[in-house]
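> kindly return the folded structure for what I paste below:
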Amino acid sequence: MSLLLLPSKAPSLVHSISGGDLSSYAEELAEFRRNRSIDLRRSMNLCKTRVCKPKSRFYVAPKKSNTLIDACLTFTVESVVSALTSGVDASIVSICQDLCESAPKCPKIVQNMITISDVQEAFVAALDSETSAVGTVLNTIAQIFKLAGETQEAFVDGGLTCSLMNLLSQEDPATISEAINLIGVLSEESSYARDSIICLGIHTILVETAGNHKQTDLATLACESVHKIFSNPDPIESEIVKEAIPSIIEIIEGQSDETMSFILQILVDISSKHPSSVFIYYNLGLYDQIVGFIQNQALTKEALKLAGNMAVAQPLQIICLLDNGLLAALEQLSVSDYLADVFWVYSNLLESYPEGIFELIDEKFINFALDAAEDSPYEVKQEASFFIATMVVFSGNPRASLFFNERVFSVLADVIGCGVNTVALRCLDAFNTFLGYANLNEKQDELLGLVDDAEVEDRLHEIELSNSLAGKRSQYLLLAYQSLRN
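Just a heads-up that it's a prediction; the model follows:
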């Protein structure tokens, strides 16, 4: 079954969710951040000169004999802001360590702190400072950003992503690595943050970083974060995605297997959500490399997913895959743990180019698929059965005679009630194909005999009452069989 899912229409990324214009996003946030940093520092200086010290805002934890919770009680908004905006490495590192150590044991205390706008702005100010503690600040935000909850958007709007973009131009590899890691965290935790990252073009900077640091951990980390950007379930505007594809494919050559695994995942993410992107892959010659990826054991899993997505294309593109030895590469995996994925790729190839694929299918191959459907683990059984049903549906008359037997009927009947809608529907379509074949060739009695032997009607009765398309199709088949019997 094809994994390519058509997304709903993606919202424009030229405007924020609130409707504001993002065209000068970076400049406005940078100016706001500078002004806020000055205000924060002035407010801290004023506190030092007052005769009466203002009351601190404490967050009280339950009274328990726990030293870590007692330590959390020492946090105040003023103390956290003061440390983060002090410009003193030791103070910044100390408060960051305290927050990170406290977060797992008393998250409510840290959550109450990180949701305060003054604290969020102080974190951003610390990122913009010229201290050597910036890496520690980045790591701390990565660990506690999730706790910001509904205030995550305010945190982002306070200049967080703009600061990250600036930090990617630093010379210190450790700081760059921490910044890239945080970009990945933000992209996973918040679609709003992910969209801000894309609006600033940070994803393109990460791709360039991976291209400029091949065979390094930095390249791997950069591609991992790009993967997290594109794997976020919320949609991205198609034009932005299409513009990113060439630079991603361009950096493939010379990468380590670990980095390549993330690059393949990125391409799978993109083609799953934007099916037309596979034609860009073909135009850029990616089909030449698919077989090599599949044959590399470190990349086989992701390469099969990409091959399956690229198999949903036009016949001319499918021929390119076949000419590069795709079927031979798939055949080599026929006794591997990847057999379910192999059958999925076969199904997509057959559906896209039935005439060409049927020329390569013989009785031995059909029996191989039937054996897998009968004697394999559940996942393989499903995909093998789906492939068999696909062969039936696209076989046409008279080729359908190859499958008009009790063994095929039994295999398909067994998975009608599997609970996977796409599998059930494809099997029901196969039985409908058999119905048409029998009527055209005056084989109605033979059809009813096969239906009885495989207990097809029993399986159809199990799902006929379900309020689904599968239920409606099962009702149609039951009525058709009943009509033939009368």
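> every contact and neighbour count from this point should use C-alpha atoms.
Will do.
> count the neighbours of Asp362 for me.
10 (other CA atoms under 10 Å).
> phi, psi for it please.
With angles defined as degrees, to the nearest 10, Asp362 sits at phi -120, psi 180.
> just use 336 as the starting number from now, easier for me
Okay, using 336 as the starting number, the last item reads as Asp697.
> contact partners for it?
Asp697 is in contact with no residue at all, counting by CA atoms under 8 Å, 6 or more residues apart in numbering.
> nearest residue to Val743 other than its sequence neighbours?
Spatial nearest neighbour of Val743, excluding adjacent residues (CA to CA, 6 or more residues apart in numbering): Leu705 at 7.3 Å.
> which residues touch the helix or strand where Glu792 lies?
Assigned by DSSP states H and E, Glu792 falls within helix 791-798. Residues from elsewhere that reach helix 791-798 (CA under 8 Å, 6+ apart): 744-745, 748-749, 751-752, 786, 805-806, 809-810, 813.
> switch to 10 Å and redo it
For helix 791-798, the surrounding residues in contact (CA atoms under 10 Å, 6 or more residues apart in numbering) are 744-745, 747-752, 754, 759, 763, 766, 783, 785-787, 799, 805-813, 816-817.
> that older thread, three-state assignment of the residue nearest to Val743?
Per DSSP: H, G, I helix; E, B strand; the rest coil, the local secondary structure of Leu705 is helix.
> and the helix or strand encompassing Ser809, how far out from the chain middle?
Here Ser809 sits within helix 804-820, counting by DSSP H and E. The chain centre lies 38 Å from the centre of helix 804-820; the measure is CA atoms, centre = their mean, to the nearest Å.
> dump the C-alpha coordinates for that helix into PDB.
Output in PDB follows, covering the C-alpha atoms of helix 804-820 (Å, rounded to 0.1, in the frame of the first residue of the first chain):
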ATOM      1  CA  LEU A 804     -16.200   2.100   2.900                       C
ATOM      2  CA  ALA A 805     -15.100  -1.400   3.500                       C
ATOM      3  CA  GLY A 806     -18.400  -2.200   5.100                       C
ATOM      4  CA  LYS A 807     -20.300  -0.800   2.100                       C
ATOM      5  CA  ARG A 808     -18.200  -2.800  -0.400                       C
ATOM      6  CA  SER A 809     -18.700  -6.000   1.600                       C
ATOM      7  CA  GLN A 810     -22.500  -5.400   1.500                       C
ATOM      8  CA  TYR A 811     -22.300  -5.000  -2.300                       C
ATOM      9  CA  LEU A 812     -20.300  -8.200  -2.800                       C
ATOM     10  CA  LEU A 813     -22.700 -10.200  -0.500                       C
ATOM     11  CA  LEU A 814     -25.700  -8.900  -2.600                       C
ATOM     12  CA  ALA A 815     -23.900  -9.800  -5.800                       C
ATOM     13  CA  TYR A 816     -23.100 -13.400  -4.600                       C
ATOM     14  CA  GLN A 817     -26.700 -13.700  -3.400                       C
ATOM     15  CA  SER A 818     -28.000 -12.600  -6.800                       C
ATOM     16  CA  LEU A 819     -25.800 -15.200  -8.600                       C
ATOM     17  CA  ARG A 820     -27.300 -17.900  -6.400                       C
END
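> which of the contacts of helix 791-798 are buried, as a PyMOL select command?
A single PyMOL command selects the buried members of those (16 or more other CA atoms under 10 Å):
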select buried, resi 744+745+747+748+749+750+751+752+759+763+766+783+785+786+799+805+806+808+809+810+811+812+813+816
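> against Ser671, how distant is Ser711?
As judged by CA to CA, to the nearest Å, Ser711 and Ser671 stand 12 Å apart.
> repeat that for Ala724.
22 Å.
> cool, and Asn732?
To Ser671, Asn732 is 34 Å away according to CA to CA.
> those two - which one has more neighbours?
Neighbour tally, Asn732 and Ser671, criterion other CA under 10 Å: the higher count belongs to Asn732, 15 against 10.
> now do the same contact list for the more buried one.
Going by CA under 10 Å, 6+ apart, Asn732 touches 768-769, 771-773, 775-776.
> buried ones among those residues?
The neighbour count (16+ other CA under 10 Å) marks 768-769, 771-773 as buried among the contacts of Asn732.
> would you turn these into CSV with distance to Val728?
Shown next, in CSV, are the buried ones among the contacts of Asn732 (distance: CA to CA, whole Å):
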residue, distance to Val728
Thr768, 6
Phe769, 9
Gly771, 11
Tyr772, 11
Ala773, 14
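> can you tell me the SS state at Ile444?
Going by three-state DSSP: Ile444 is helix.
> that one and Ala438 touch, don't they?
Yes - here Ile444 reaches Ala438: they are 7.7 Å apart, a contact under CA atoms under 10 Å.
> show the average pLDDT along stretch 603-623.
Taken as a whole, stretch 603-623 carries a mean pLDDT of 98.
> per-residue pLDDT of Leu499, please?
According to the model, Leu499 scores 98 on pLDDT.
> thought it was touching Ser531?
No - judged on CA under 10 Å, Leu499 makes no contact with Ser531 at a distance of 11.0 Å.
> got any residues that touch both of the two?
The contact lists of Leu499 and Ser531 share Ile537, where a contact means CA under 10 Å, 6+ apart.
> those two: who's more crowded?
Set side by side, Leu499 and Ser531 show more neighbours around Ser531, with 25 against 22, by other CA under 10 Å.
> ignoring the adjacent residues along the chain, who's closest to that one?
Among residues not flanking Ser531 along the chain, Thr496 sits closest, at 6.8 Å (CA to CA, 6+ apart).
> tell me which residues are up against the helix or strand harbouring the one you found.
Using DSSP H and E, Thr496 maps to helix 496-502. Residues outside helix 496-502 that contact it (CA under 10 Å, 6+ apart): 360-365, 368, 459-463, 469-470, 473, 490-491, 510-515, 517-518, 521, 528-529, 531-538, 540-541.
> likewise stretch 547-557?
Contacts for stretch 547-557 (CA under 10 Å, 6+ apart): 508-509, 511-516, 518-519, 538, 540-546, 558-559, 561-563, 586-598.
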